[in-house]
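Undergrad: model the following, please.
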Amino acid sequence: MRTQRLGLLALLLVTAVWGTTFPAMKQLTSDLSALQIIWLRFGMAALVLLPLWWGMRRAEWRWGLGLGVLNFVAFWLQIEGLHHTTSNRNAFVTGLNVLIVPLIAWLVLHRKTSWNIWAACALAVVGMCLMFFEDAPWNWGDTLTLCSAVVYAIYILTMEAAALRNQSAPLRATRMAAALASSMFACTTLALLVQPHGMQQLAVQAQSMQAPQWMAMVYLGLIASAVVVVLQAWGQQRVDAMRSAIVFGLEPVFAAITAWWLIDERMGLVAMGGAALIVAALICSQWSPPPALTTRSAARVPLQGKTS
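TA: Predicted coordinates for the structure are as follows:
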């Protein structure tokens, strides 16, 4: 149980950092494309994590590279969506993976889910609907963000599968994170090379960036990517996918607070009530052990790597 709580704490920290990235990325989307942001962000992360490739086992790089492809697609859709909608809406729609994860697990994996997890999902979705306080109609950016939430739900379940299928020879979270960041960087590089003048446009845009933009990019690359990718891998090897999704449902709460603080996107009383429901959902999800990953098995899914 202590191991699981440490994993939840790590994922909560990951979610808090994620929440701060929405306003930063929103500001960058005015000058950079989604691919350019991902290339710069995960290029930094891959460079910092490069030494962790030393001694990497085959299972670690195979899972890491596959997870990186999924994460690349999710990030690309999310940032493209952010270009067409507000940071608050982007965060709220992204948070719908709280519901999508158990739906996929139930429909595709035929996994039984305890009542408290479903209750927590319902609370979280109601909370996000209340936080969706803007009156503007659903737009193309929201659709892209919803597609991102679906891909990210698949990513969460795949991360859980990586932990469960390698209990006899546990995977190092740090080395998997290095493979994941490298995979995302490689996918983005390939996408830019396919685009006409993709790399040339990236060079021009990078040269025109000002100091505040570079500060935001360094934060996204080092803290929100290199550190967070390691923490997420470490935490999810100790927490099942259902509860991970509930924790990640707090992302719009942190995003709304940061957006209000940095770019003056304000949250009203109804939205605050939605935030309270999401917190209640997190508490509700912890009332009983998860069905897919028991306390005993969680203790056998260790992480030999350190958190960042």
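Undergrad: quick check: closest non-adjacent residue to residue 257.
TA: Spatially, and ignoring its direct neighbours in sequence, residue 257 is nearest to residue 19 (7.0 Å; CB to CB, 6 or more residues apart in numbering). For the C-beta atoms, the positions are set from N, CA and C on the backbone; glycine is no exception.
Undergrad: the helix or strand where that neighbour lies - what's its average pLDDT?
TA: Here residue 19 sits within helix 2-28, counting by DSSP states H and E. Average pLDDT, helix 2-28: 87.
Undergrad: what about it, distance to the chain center?
TA: 8 Å (CA atoms, centre = their mean, to the nearest Å).
Undergrad: helices and strands around the helix or strand that that helix is followed by, which ones?
TA: Sequence-wise, the next helix or strand downstream of helix 2-28 (DSSP H and E) is helix 34-49. For helix 34-49, the contact count by 3 or more CB pairs under 8 Å, 6 or more residues apart in numbering; DSSP states H and E identifies helix 58-84, helix 173-194, helix 198-208, helix 211-218, helix 228-236 as packing neighbours.
Undergrad: only alpha carbons, please: show helix 34-49 as CSV.
TA: Extracted in CSV, the C-alpha atoms of helix 34-49 (Å, rounded to 0.1, in the frame of the first residue of the first chain):
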residue,chain,number,x,y,z
ALA,A,34,2.7,21.7,-32.9
LEU,A,35,5.5,19.7,-34.6
GLN,A,36,8.0,22.5,-33.9
ILE,A,37,7.1,22.7,-30.2
ILE,A,38,7.3,18.9,-29.8
TRP,A,39,10.7,18.8,-31.7
LEU,A,40,12.3,21.5,-29.5
ARG,A,41,10.6,20.2,-26.3
PHE,A,42,11.5,16.5,-26.6
GLY,A,43,14.8,17.2,-28.3
MET,A,44,15.9,18.8,-25.0
ALA,A,45,14.4,15.9,-23.0
ALA,A,46,16.0,13.2,-25.2
LEU,A,47,19.4,14.9,-25.0
VAL,A,48,19.2,15.1,-21.1
LEU,A,49,18.1,11.5,-20.9
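Undergrad: and that helix, how far out from the chain middle?
TA: Worked out by CA atoms, centre = their mean, helix 34-49 lies 15 Å from the chain centre.
Undergrad: and for stretch 71-91?
TA: The answer for stretch 71-91 is 11 Å, by CA atoms, centre = their mean.
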